[in-house]
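how would this look folded up:
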Amino acid sequence: MMVDHGIPVLNQAVLLAGVNDDVDVLASLCRELVNRRVQPYYLHQLDRVAGAAHFEVPVQRGKAIIESLRAELPGYAVPTYVTEIEGAESKVPN
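This is a model prediction of the structure:
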(Lines give C-alpha, C1' and ligand atoms only; values in the text may rest on other atoms or scores of the structure.)
Protein backbone atom coordinates (compact mmCIF):
# COMPACT_ATOMS: atom_id res chain seq x y z
CA MET A 1 0.00 0.00 0.00
CA MET A 2 2.85 2.38 0.73
CA VAL A 3 4.32 1.93 -2.75
CA ASP A 4 0.87 2.36 -4.27
CA HIS A 5 0.67 5.74 -2.54
CA GLY A 6 4.02 6.90 -3.91
CA ILE A 7 6.11 6.18 -0.82
CA PRO A 8 9.47 4.65 -1.70
CA VAL A 9 10.23 1.45 0.20
CA LEU A 10 13.85 0.41 0.68
CA ASN A 11 15.28 -2.82 2.08
CA GLN A 12 18.30 -3.05 4.35
CA ALA A 13 19.65 -6.49 5.19
CA VAL A 14 22.59 -7.76 7.22
CA LEU A 15 24.96 -10.29 5.66
CA LEU A 16 24.93 -13.32 7.98
CA ALA A 17 27.05 -16.46 7.72
CA GLY A 18 24.92 -19.54 7.22
CA VAL A 19 21.79 -17.48 6.63
CA ASN A 20 22.14 -15.32 3.52
CA ASP A 21 25.83 -15.46 2.57
CA ASP A 22 25.00 -17.25 -0.65
CA VAL A 23 24.67 -15.65 -4.08
CA ASP A 24 21.58 -17.66 -5.00
CA VAL A 25 19.82 -16.79 -1.73
CA LEU A 26 20.58 -13.07 -2.05
CA ALA A 27 19.72 -13.00 -5.76
CA SER A 28 16.36 -14.60 -4.97
CA LEU A 29 15.74 -12.07 -2.20
CA CYS A 30 16.65 -9.13 -4.44
CA ARG A 31 14.45 -10.38 -7.29
CA GLU A 32 11.50 -10.82 -4.94
CA LEU A 33 12.03 -7.36 -3.45
CA VAL A 34 12.08 -5.78 -6.92
CA ASN A 35 8.98 -7.76 -7.91
CA ARG A 36 7.26 -6.24 -4.88
CA ARG A 37 8.58 -2.77 -5.83
CA VAL A 38 10.99 -2.61 -2.89
CA GLN A 39 14.49 -1.28 -3.60
CA PRO A 40 17.33 -3.55 -2.38
CA TYR A 41 19.22 -0.63 -0.80
CA TYR A 42 21.91 -1.72 1.67
CA LEU A 43 23.55 -5.02 2.53
CA HIS A 44 25.29 -4.42 5.84
CA GLN A 45 28.49 -5.99 7.06
CA LEU A 46 27.66 -7.37 10.50
CA ASP A 47 28.61 -5.05 13.36
CA ARG A 48 31.04 -6.73 15.74
CA VAL A 49 29.01 -7.25 18.90
CA ALA A 50 29.29 -9.80 21.68
CA GLY A 51 27.72 -13.15 20.87
CA ALA A 52 27.43 -12.66 17.10
CA ALA A 53 30.90 -13.63 15.83
CA HIS A 54 29.55 -16.90 14.40
CA PHE A 55 27.43 -14.85 11.96
CA GLU A 56 30.31 -12.73 10.66
CA VAL A 57 31.19 -13.04 6.97
CA PRO A 58 34.65 -11.84 5.91
CA VAL A 59 34.48 -8.55 3.97
CA GLN A 60 36.28 -10.12 0.99
CA ARG A 61 33.56 -12.79 0.79
CA GLY A 62 30.89 -10.09 0.97
CA LYS A 63 32.56 -8.20 -1.87
CA ALA A 64 32.71 -11.38 -3.94
CA ILE A 65 29.00 -11.98 -3.35
CA ILE A 66 28.17 -8.44 -4.51
CA GLU A 67 30.29 -8.91 -7.65
CA SER A 68 28.44 -12.14 -8.41
CA LEU A 69 25.11 -10.38 -7.90
CA ARG A 70 26.21 -7.65 -10.34
CA ALA A 71 26.83 -10.33 -12.95
CA GLU A 72 23.41 -11.88 -12.38
CA LEU A 73 21.04 -8.99 -11.68
CA PRO A 74 20.30 -5.59 -13.18
CA GLY A 75 22.09 -2.76 -11.36
CA TYR A 76 18.97 -1.45 -9.62
CA ALA A 77 18.49 -4.85 -7.99
CA VAL A 78 21.96 -4.99 -6.38
CA PRO A 79 22.23 -3.47 -2.89
CA THR A 80 25.20 -1.37 -1.81
CA TYR A 81 27.47 -3.35 0.52
CA VAL A 82 28.24 -1.12 3.51
CA THR A 83 29.76 -1.03 6.97
CA GLU A 84 28.54 1.20 9.75
CA ILE A 85 31.50 2.80 11.50
CA GLU A 86 31.00 4.50 14.84
CA GLY A 87 31.42 8.24 14.49
CA ALA A 88 31.21 8.25 10.70
CA GLU A 89 28.63 10.58 9.17
CA SER A 90 27.21 7.85 6.99
CA LYS A 91 27.57 4.20 6.11
CA VAL A 92 30.86 3.37 4.40
CA PRO A 93 30.77 1.34 1.18
CA ASN A 94 32.93 -1.78 1.20
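
make it CA atoms for all contacts and neighbour counts henceforth
Noted.

Any figure for the gap between the closest residue to N20 other than its chain neighbours and H5?
In space, and not counting its chain neighbours, N20 is closest to L26: 6.2 Å by Cα to Cα, 6 or more residues apart in numbering. Shown here: L26 relative to H5, a distance of 27 Å by Cα to Cα, to the nearest Å.

Quick check on the two: which one has the bigger neighbour count.
More crowded of L26 and H5, by other Cα atoms under 10 Å: L26, with 21 against 7.

could you pull out the strands for the chain?
All strands of the chain, identified by DSSP state E, fall at 10-14, 39-44, 80-83, 92-93.

Dump the ones you listed into CSV; add mean neighbour count as well.
Below are these laid out as CSV (neighbours: other Cα atoms under 10 Å):
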stretch, mean neighbour count
strand 10-14, 15
strand 39-44, 20
strand 80-83, 20
strand 92-93, 13
